[in-house]
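J.: Next comes the sequence, and after it the predicted model I'd like to discuss.
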Amino acid sequence: MPSSPAVEVAGLVMRYGDKVAVDGLDLRVERGTITAVLGPNGAGKTTTLETCEGYRKPQAGTVRVLGLDPVADHRALLPRIGVMLQGSGAWSGVRAMEMLRHIATLHANPLDVDMLAERVGLGDCGRTPYRRLSGGQQQRLGLAMAVVGRPEVVFVDEPTAGMDPLARRTTWELLTELRDDGVTVVLTTHYMDEAERLADQIHIIDHGRMIASGSPLELTRGGTATIRLVVTKPFPDGAPASLQAALGDGVEVTPINEVSLLVTGPADHTTLATVGRWCEEQGVLPESLNLGQRNLEDVFLELTGRELKP
């Protein structure tokens, strides 16, 4: 296997008018891995991946995919990559299997279409026009279209959006199988558990810059313990500051949403008792109180100050 990375981005700058979407970004994706690119809406991840796919020309910096320039070498690169868009790109009136067979004919050595359709769960909707497919079925078709040509690198955007739990797990299995077969998978997702479960490497982007990079274990280990407090009704005004004052120095209180808070610090029995007393004083009823190490969602929230929302 070549030692060069599957994807290498160096000093990428992209602007839309006066807005800087990508600000000197460096990013590397090793071959034969699943790499998740995460970031809040507007962070620049979609623009970055569109330059990797050859849809946009870098305004500054360089982008290489399989050692090729996605714009200058587009014709040479196109047969070697697969792209799964959120809208899949299928025609409104075409039947699902007709679309998949058409895409297969565009490749020199496609996968067996019937086998692939069965694998992604299209068997029961193959004759359904695209516009009548559910969101999850459209995603399955989009994934099948992206991998039918046996790509070396596949870019997948929100691969399980709209899928039921069974279809979601099937998609996870397929992406893992692709990686195990040597295919490089570059993944964007708003599901933090999906990134934490699938990815070998995670890049977190915000305001067009790389703010963290590493394996899920590297990003989550070494941090202090956390207490996640979820209550039955919205917190009263000033709740985070009030709890912060009760807990004192060395502990950080971060609001997640109107009914949940994250307490980061030395989470021992004293901290738990203080949180319990504070709930009683504030007249709020805990729905859950979970003690544990940081997960990827906690890290993301700490780094960006924002939840990852669809």
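T.: Thanks, I have the structure now. It should be emphasised that the depicted structure is a prediction, and the values quoted were computed from it without experimental measurement. Numbering: from 1, shown residues only.

J.: what secondary structure does D237 sit in?
T.: coil (DSSP: H, G, I helix; E, B strand; the rest coil).

J.: T48 too?
T.: For T48, the assignment made with three-state DSSP gives helix.

J.: begin at 27 from here
T.: Yes, from this point I'll number from 27; that puts the last item at T74.

J.: Look up how far G50 lies from it.
T.: 12 Å (Cβ to Cβ, to the nearest Å). The C-beta positions use only the backbone N, C-alpha and C, and glycine is treated the same way.

J.: Okay, now the unreliable bits of this protein?
T.: Low-confidence segments of the chain (pLDDT under 70): 27-28, 112-115, 248-250, 292-294, 319-320, 332-336.

J.: Report the buried residues of the longest helix that it contains.
T.: Counting by DSSP state H, the longest helix found in the chain is helix 191-206. Under the neighbour-count criterion of 16 or more other Cβ atoms under 10 Å, helix 191-206 has 193-194, 196-198, 200-201, 204-205 buried.

J.: by contact count, what packs against that helix?
T.: In terms of contacts (3 or more Cβ pairs under 8 Å, 6 or more residues apart in numbering; DSSP states H and E), helix 191-206 is packed against strand 60-64, helix 139-146, helix 161-173, strand 210-214, helix 218-224.

J.: residues in contact with stretch 98-105?
T.: The contact list for stretch 98-105, computed with Cβ atoms under 8 Å, 6 or more residues apart in numbering, reads 80, 91-92, 94, 96, 133-134, 175.

J.: 10 Å instead, please
T.: 78-81, 83, 90-97, 132-135, 175-179 (Cβ atoms under 10 Å, 6 or more residues apart in numbering).

J.: Find the nearest non-adjacent residue to L204, please.
T.: Counting by Cβ to Cβ, 6 or more residues apart in numbering, V211 is the residue found nearest to L204 once chain neighbours are left out, at 5.8 Å.

J.: For the stretch 227-336 of the chain, which segments are assigned as strands?
T.: Taking DSSP state E, counting those that start in this stretch, the strands of the stretch 227-336 of the chain run over residues 227-232, 235-240, 251-257, 278-283, 286-290, 312-319.

J.: If you could redo that for the stretch 27-176 of the chain, that was the one I meant.
T.: Under the criterion DSSP E, counting those that start in this stretch, the stretch 27-176 of the chain carries strands at the ranges 33-42, 45-55, 60-64, 86-91, 107-110.

J.: Narrow the contacts of stretch 98-105 to those in helices?
T.: Among those, the ones falling in helices (DSSP H) are C78.

J.: Tell me how far W198 lies from P155.
T.: The gap separating W198 from P155 is 28 Å, by Cβ to Cβ.

J.: cool, and A47?
T.: Distance of A47 to P155, computed by Cβ to Cβ: 35 Å.

J.: ok, those two, which is more surrounded?
T.: A47 (22 against 16; other Cβ atoms under 10 Å).

J.: wait, doesn't the more buried one sit right on G65?
T.: No - assessed by Cβ atoms under 10 Å, A47 is found out of contact with G65, at 11.2 Å.

J.: what is in contact with these two at once?
T.: Contacts common to A47 and G65, judged by Cβ under 10 Å, 6+ apart, are 71-72, 74, 233-234.

J.: Could you write me a ChimeraX select line covering just the buried ones among the residues you listed?
T.: Buried members of these, defined by 16+ other Cβ under 10 Å, are picked up in ChimeraX with:
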select :71,72,74,234
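
J.: how about the shared contacts of A47 and G65 in JSON lines, adding distance to E323?
T.: As requested, the shared contacts of A47 and G65 are arranged in JSON lines below (distance: Cβ to Cβ, whole Å):
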{"residue": "K71", "distance to E323": "17"}
{"residue": "T72", "distance to E323": "21"}
{"residue": "T74", "distance to E323": "22"}
{"residue": "H233", "distance to E323": "20"}
{"residue": "G234", "distance to E323": "22"}
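
J.: Pull the contacting residues for M171.
T.: 108-111, 114-116, 122, 125-126, 128-130, 132, 142, 146.

J.: Give me the buried subset of these.
T.: Buried subset of these (neighbour count, 16+ other Cβ under 10 Å): 108-111, 114, 116, 122, 125-126, 129-130, 142, 146.

J.: From these, pick the one nearest T297.
T.: M110 (43.9 Å; Cβ to Cβ).

J.: For the closest one, which non-adjacent residue is spatially closest?
T.: Computed as Cβ to Cβ, 6+ apart, the closest residue to M110 that is not its neighbour in sequence is A172, at 3.8 Å.
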